[in-house]
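Engineer: Predicted model and sequence follow; I will ask about them next.
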Amino acid sequence: MSTLTINDERFLSDLYHLRTFGADGIGVIRPSLSTPDVAARHWLRTRMEEAGLEAQIDRVGTVFGRSPRPGPALLLGSHTDTQPKAGWLDGAFGVMAALEVARTLREQPETAGLAVDVASWIDEEGSFLGFLGSRSFCGLQDLSLIDTATGRDGRLLVAALAEAGLAGRPRVQMEDGRYAGYLEAHIEQGPFLEADGNRIGVVTRIVGIRTMLIRFTGIQNHAGTTPMPMRKDAGRALVEFVNRIHAEFPKIAGERTVWTAGRIELDPGAASVIPGAAELTLQFRDPESEMMNRLQERVFELAAEADGDIGVEAIMEPGTVEPVAMDEDLLEQVAAAAESHAPNNWVRMPSGAGHDAQVLALRMPSAMLFVPSIGGISHDFAEDTADEDLVLGCQVLATAVESILKAAPAAPPSRPA
Ligand code: HGY
Ligand code: MN
Ligand code: MN
């Protein structure tokens with residue numbers, strides 16, 4: 001097995017430096033195209049260049065480092081943008097592990113000829129358009145959505161890209177025939193590795209994600225003078241609808257089905273005003289598309305049932321991602337690397353989180369590995385992983401990459417979009 005050894009101090013030093021961009025206590029606030037996010041991208045591009053990669057930030061904000069070595073290549077990456085109030089490792093771990101693997105292979109004679117490209121995909125977290133960078137790279141992004149997309153703060157994506165100085169740049173696109181596959185290292189973001197005492201997760205499958213917008217239209221009025229029987233309270237209709245979802249979904253849900261009403265807005269949102277309008281986002285996930293179809297159908301049925309003197313409308317949000325299976329051959333290579341560094345301390349497991357790998361998997365063989373999340377916490381300032389687990393994950397990635405590339409025939413033709 002491999003003799004390749006990553007430079008763990010350099011890897012951790014870069015990962016902790018990335019944490020400083022948008023730092024807020026132990027967490028980070030670094031949504032796509034925010035000031036700290038753009039600064040982090042310029043820093044990352046420089047680090048990629050220092051690693052001997054031809055590095056650029058492309059038109060939609062993806063930071064891409066291309067190896068000068070001819071293919072077959074492996075593409076490694078993840079994302080450095082974050083949720084509004086996030087942990088320091090979601091995405092960041094995978095990007096810095098990818099860069100460390102590229103550096104390590106380049107520095108060691110027996111692997112210096114192998115090609116590893118590195119990407120930090122913009123907006124995996126959907127501040128504007130979920131999976132924007134990986135979809136754009138794979139030719140799977142509806143480009144017209146880029147022109148109309150707005151952020152949570154109402155800012156147009158195109159304006160944010162222009163402010164970041166990215167307008168008019170080339171858009172990085174996948175080179176047919178260059179890649180043997182895509183690998184992504186990521187924190188688990190859940191409790192299972194830690195609970196079972198495992199140090200590496202070898203991902204078998206990634207869940208699909210669907211988000212629906214439910215709108216309620218009542219009549220705004222005075223919260224004091226309007227008699228209760230006369231009220232058309234959109235906020236009350238929203239709360240009753242959420243209760244219906246939590247009562248009905250368990251009747252059809254599968255073992256790994258999950259759902260959340262993550263955003264609720266009442267208009268005008270004032271204590272002395274009966275809300276005339278209200279909306280919620282309902283997100284549900286499952287490893288099987290068929291189950292998500294049933295859930296989606298049930299939401300439309302519940303909305304139709306509730307629609308009355310208070311209007312209720314259900315709308316599918318763009319950005320649906322379907323569940324995907326990871327590539328068996330790559331998965332076996334990751335498993336072998338895990339076994340060599342953490343014998344009997346790794347496990348095959350599905351991902352309950354979405355990842356860019358489920359977009360890349362539509363165009364090339366893809367695989368992922370996980371490291372444990374302390375307390376299973378993620379999408380929260382408290383998200384954390386022990387340094388030794390981060391180093392182990394990066395080392396396993398390096399070993400898998402070396403093994404895959406040494407065995408790679410001329411890169412297989414990529415899958416048509
Ligand atoms: O929401 C997710 O699953 C991912 O962390 N964006
Ligand atoms: Mn995330
Ligand atoms: Mn992520």
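Structural biologist: That came through, no problem. Bear in mind the structure is a predicted one, so any value in this text is a computation, not a measurement. Residues are numbered from 1 along each chain as shown. Ligands and ions are numbered 1, 2, ... in the order given.
Engineer: what about F300, how many neighbours?
Structural biologist: A count of nearby residues for F300, using other Cβ atoms under 10 Å, gives 14. For the C-beta atoms, the positions are set from N, CA and C on the backbone; glycine is no exception.
Engineer: Skipping its backbone neighbours, what lies nearest it in space?
Structural biologist: A314 (5.3 Å; Cβ to Cβ, 6 or more residues apart in numbering).
Engineer: Beyond whichever strand or helix holds that neighbour, next helix or strand please.
Structural biologist: Counting by DSSP states H and E, the element that carries A314 is strand 311-316. Reading on from strand 311-316 to the C-terminus, the next helix or strand found by DSSP H and E is strand 324-325.
Engineer: circling back: kindly state the beta-bridge partners for the residue nearest to F300.
Structural biologist: I214 (DSSP bridges).
Engineer: Averaged pLDDT, the strand holding A314. What do you get?
Structural biologist: Per-residue pLDDT over strand 311-316 has a mean of 97.
Engineer: and I404, helix, strand or coil?
Structural biologist: Three-state assignment for I404 (DSSP: H, G, I helix; E, B strand; the rest coil): helix.
Engineer: so it sits right up against D327, yeah?
Structural biologist: No. Under the criterion of Cβ atoms under 8 Å, I404 is not in contact with D327, lying 10.3 Å apart.
Engineer: between those two, who's got more neighbours?
Structural biologist: Just comparing I404 and D327: by other Cβ under 10 Å the higher neighbour count belongs to I404, 23 against 19.
Engineer: Identify the residues contacting that one.
Structural biologist: With contacts taken as Cβ atoms under 8 Å, 6 or more residues apart in numbering, I404 has the following neighbours: 74, 180-181, 183, 330, 333.
Engineer: Point out the residues in the protein that sit beside ligand 1.
Structural biologist: Within the chain, the positions adjacent to ligand 1 are 90, 124-125, 353-354 by Cβ under 6 Å from any ligand atom.
Engineer: Tell me the one of these nearest P36?
Structural biologist: When these are compared for distance to P36 (Cβ to Cβ), E125 comes out closest, at 13.8 Å.
Engineer: Compute the number of surrounding residues for the closest one.
Structural biologist: Neighbour count of E125, defined by other Cβ under 10 Å: 22.
Engineer: helix, strand or coil for it?
Structural biologist: Counting by three-state DSSP, the three-state call for E125 is coil.
Engineer: coming back round to it: any residues in contact with both of I404 and D327?
Structural biologist: Each of G181 lies in contact with both I404 and D327 under the rule Cβ under 8 Å, 6+ apart.
Engineer: most neighbours, which of the residues of the chain next to ligand 1?
Structural biologist: When neighbours are counted by other Cβ under 10 Å, E124 leads the residues of the chain next to ligand 1 with 28 neighbours.
Engineer: so who does N221 touch?
Structural biologist: With Cβ under 8 Å, 6+ apart as the criterion, the residues that contact N221 are 230-232, 273-274, 276.
Engineer: for it, which residues make a bridge with it?
Structural biologist: As assigned using DSSP bridges, the partners bridged with N221 are I274.
Engineer: so what are the domain limits for this structure?
Structural biologist: The chain resolves into domains spanning 8-207+323-407, 208-316 when parsed by automatic domain parsing.
Engineer: rewinding a little: out of the contacts of N221, which is nearest to ligand 1?
Structural biologist: The shortest gap between ligand 1 and any of these belongs to G276, at 31.4 Å (Cβ to the nearest ligand atom).
Engineer: Now for the protein, the helix or strand with the poorest mean pLDDT.
Structural biologist: Of all the helices and strands that make up the chain, the one with the lowest confidence by mean pLDDT, DSSP states H and E is helix 143-148; it has a mean of 90.
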